[in-house]
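Pasted the sequence and its predicted model underneath.
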6 protein chains.
Amino acid sequence: MSEETKGSSLEEFRQFRERMNAEILGENNLVVNRFFALDGRAYEAGALDVRTKELLGLVASLVLRCDDCVTYHLVRCAEEGVTRPEIFEALSVGLIVGGSIVIPHMRRAVDRWSELEQRA
Amino acid sequence: MSEETKGSSLEEFRQFRERMNAEILGENNLVVNRFFALDGRAYEAGALDVRTKELLGLVASLVLRCDDCVTYHLVRCAEEGVTRPEIFEALSVGLIVGGSIVIPHMRRAVDRWSELEQRA
Amino acid sequence: MSEETKGSSLEEFRQFRERMNAEILGENNLVVNRFFALDGRAYEAGALDVRTKELLGLVASLVLRCDDCVTYHLVRCAEEGVTRPEIFEALSVGLIVGGSIVIPHMRRAVDRWSELEQRA
Amino acid sequence: MSEETKGSSLEEFRQFRERMNAEILGENNLVVNRFFALDGRAYEAGALDVRTKELLGLVASLVLRCDDCVTYHLVRCAEEGVTRPEIFEALSVGLIVGGSIVIPHMRRAVDRWSELEQRA
Amino acid sequence: MSEETKGSSLEEFRQFRERMNAEILGENNLVVNRFFALDGRAYEAGALDVRTKELLGLVASLVLRCDDCVTYHLVRCAEEGVTRPEIFEALSVGLIVGGSIVIPHMRRAVDRWSELEQRA
Amino acid sequence: MSEETKGSSLEEFRQFRERMNAEILGENNLVVNRFFALDGRAYEAGALDVRTKELLGLVASLVLRCDDCVTYHLVRCAEEGVTRPEIFEALSVGLIVGGSIVIPHMRRAVDRWSELEQRA
């Protein structure tokens, strides 16, 4: 299916992501590789805990309307024990800030979240 | 197929949209549910008629480059009797405002519109 | 004042716009000059009338959050006799589509519109 | 000064915001007024606390690059006792997600935050 | 597969693009057709050579996160003899300017580029 | 004046930028400081020369509509000996990709460029 509906399975997403990250990092472009490393660091615990940072990443991804980024942060939120009501409240902030244009991405986000809950 | 080409069928779009709207509204998050209700109200007749409002929604969706939102407003425009030349003029305003980055979404929009005409 | 508040006067906007358009067009870059000409054509009457097209331009500019573009289309809407309730309904569609991030631009738009009404 | 540098004072921002909100709400456009009310509800405590929601609003505003929205959420974060290191970590997530295009808005955000600290 | 992973094949992309361009141009909307013509002119050699202009189009498409536009400019870059390290450096500028939100599009871009290299 | 017209002087821009960069880097947030360093590295000569990379940064900034970022890259382009026709061609690519919403930023960019030429 396409952007307009449901998106590929979590497993397809993960495999494509891993394969392409390996190909990208294997190119040894200094700027790209350092950015990828820094991207990981941004979500480590500090003054804010990991859960809060993942929720920040989730809402930023939602208002910028990137399904892959939303999926990634949902997976991480699930790993960190974020609850369904917390996810919905985070999504609601993104919805108010970003408007109805966010709704199709919210549909896919909720579908992903339900998929993640069923695996747990 | 994928975002890069044609997208899923109108029927798949509708089914996924309905299923997920039901799941989202069933969560009873006050902010989300009120926003969904308000989203419907914004397109009701008032000082501007429904056709004009749907065209506004269409062009806003096009320049923000959301295929699902474009599809939704095209369906509504068809229901309101908007003609093909009117759709093209609305799309042309979106194209000028939003630039060539809008073109892939315009392709999918025109493809959708032709699909809607064939059903009528 | 700055983007964060009210913006320059309509008269300053007009003067800067005219001076820079003249400088830009004077460069005789074919692509740029043709685009500027085409930008004018997009709002001419056709299957849709001028008022509707200006409202489309207004809402597209609002959701893309460009104050100058919003100002330009408000001036044109005023010239075409669009009423205050019509402007508010068009802005309300932009607000629902674009979310709260649109609000600061809506404040400046309404302030501009009131300024335009006072001149009439 | 202009968007390119520092922006107006917090006091100017507040006055313009209040004056225009009053003018907008006074128009009694149902959709607009309900949206404004809903915008307030989105940040109330629920499954997530107010501080977390304000940080979500801050980062969403930063990646969408709206100075006024960033200012608003910084003021609210200050009221809720968010610390400077927490603000910097939230901004750092926004910077990584949104890229260098976010930096000018981050400069204005940090300048605002320092202004808020000096008042406390 | 979907936006979230790999996208359709280059061949599907090309066929859909050609079919829809023909349908769109066949409508004879003056503004649309002139814009399409102008879009071609923007990348012709002038003070800047074609390679540089295609790289500009590529990075603009990447930061605006349009997979189809990225694919189009990658095809043109391949035709103009741009090398893999040049593509990676252009993508790295887009990544720094646009942030991590660009990464899913970068994955698809690199996958496309490898596909283009294998055909050469 | 405001975002809607000309922006602050180049000198004000530079002073604010330097003062805030110092304050930001002085906070010693690891992610932020590494990102700032990486931002510098992205424009160093490699497979692509510095001029080309600055033009890529310019067009990316234009289509993302960040006046400060455009100003920064114009200053760097001037230092690298980029000519006025080259700047106009780069801007023309940004205009076609990004549409008329880019025009107000293009006006300010051309005004800046003329200011830079007068100093040379």
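Cool, got the structure. No experiment lies behind these values; they were computed from the predicted model shown. Numbering: from 1, shown residues only, chains lettered A, B, ... in the order given.

ok, the nearest residue to residue A:31 once chain neighbours are set aside - contacts?
The shortest distance from residue A:31 to any non-neighbouring residue, by CB to CB, 6 or more residues apart in numbering or on different chains, is to residue E:92 (4.1 Å). Bear in mind the C-beta positions are built from the backbone N, C-alpha and C, glycine included. Shown in contact with residue E:92 (CB atoms under 8 Å, 6 or more residues apart in numbering or on different chains): A:29, A:31-32, A:35, F:42.

Can you give me the separation between residue E:92 and residue A:24?
10 Å (CB to CB, to the nearest Å).

For the contacts of residue E:92, pick the one with the most neighbours.
residue A:35 (26 neighbours; other CB atoms under 10 Å in any protein chain shown).

how much space between that one and residue E:106?
From residue A:35 to residue E:106 the distance is 10 Å (CB to CB).

shared neighbours, these two?
In contact with both residue A:35 and residue E:106: residue E:95, using CB under 8 Å, 6+ apart.

Now secondary structure, distance to residue A:110 and pLDDT too, for the contacts of residue E:92, in TSV please.
As requested, the contacts of residue E:92 are exported to TSV (DSSP: H, G, I helix; E, B strand; the rest coil; distance: CB to CB, whole Å; pLDDT from 0 to 100):
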residue	secondary structure	distance to residue A:110	pLDDT
A:29	coil	36	98
A:31	helix	36	98
A:32	helix	32	98
A:35	helix	30	98
F:42	coil	36	98
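
for chain A, which spans come out with low pLDDT?
Applying pLDDT under 70 to chain A flags the ranges A:1-7.

Spatially, which residue comes closest to whichever residue of it sits closest to chain C, not counting chain neighbours?
Distances between chain A and chain C by CB to the nearest CB are smallest at residue A:99, namely 2.9 Å. The shortest distance from residue A:99 to any non-neighbouring residue, by CB to CB, 6+ apart, is to residue C:99 (2.9 Å).

and the helix or strand containing residue A:18 with chain E, contact?
Taking DSSP states H and E as the definition, one finds residue A:18 inside helix A:10-25. Yes: applying CB under 8 Å from any CB of the partner chain, one finds helix A:10-25 touching chain E at A:12-13, A:16-17, A:20-21, A:23-24.

Any part of that helix near chain B?
No: Helix A:10-25 does not reach chain B (CB under 8 Å from any CB); its nearest approach is 11.7 Å.

Can you give me the buried ones in that helix?
The neighbour-count check on helix A:10-25 (16 or more other CB atoms under 10 Å in any protein chain shown) flags A:10, A:13, A:16-17, A:20, A:24 as buried.

Please export the C-alpha coordinates of it as PDB.
What follows is helix A:10-25 as a C-alpha-only set of coordinates in PDB (Å, rounded to 0.1, in the frame of the first residue of the first chain):
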ATOM      1  CA  LEU A  10       7.100  -2.700  11.000                       C
ATOM      2  CA  GLU A  11       9.400  -5.600   9.900                       C
ATOM      3  CA  GLU A  12       9.900  -4.200   6.400                       C
ATOM      4  CA  PHE A  13      10.500  -0.800   7.900                       C
ATOM      5  CA  ARG A  14      13.200  -2.200  10.200                       C
ATOM      6  CA  GLN A  15      14.900  -4.200   7.500                       C
ATOM      7  CA  PHE A  16      15.000  -1.300   5.000                       C
ATOM      8  CA  ARG A  17      16.200   1.100   7.700                       C
ATOM      9  CA  GLU A  18      19.000  -1.200   8.800                       C
ATOM     10  CA  ARG A  19      20.100  -2.100   5.200                       C
ATOM     11  CA  MET A  20      20.200   1.600   4.100                       C
ATOM     12  CA  ASN A  21      21.900   2.800   7.300                       C
ATOM     13  CA  ALA A  22      24.600   0.300   6.700                       C
ATOM     14  CA  GLU A  23      25.000   1.400   3.100                       C
ATOM     15  CA  ILE A  24      25.100   5.100   4.100                       C
ATOM     16  CA  LEU A  25      27.500   4.700   7.000                       C
END
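
Mutual contacts of residue E:92 and residue A:24, please.
In contact with both residue E:92 and residue A:24: residue A:32, using CB under 8 Å, 6+ apart.
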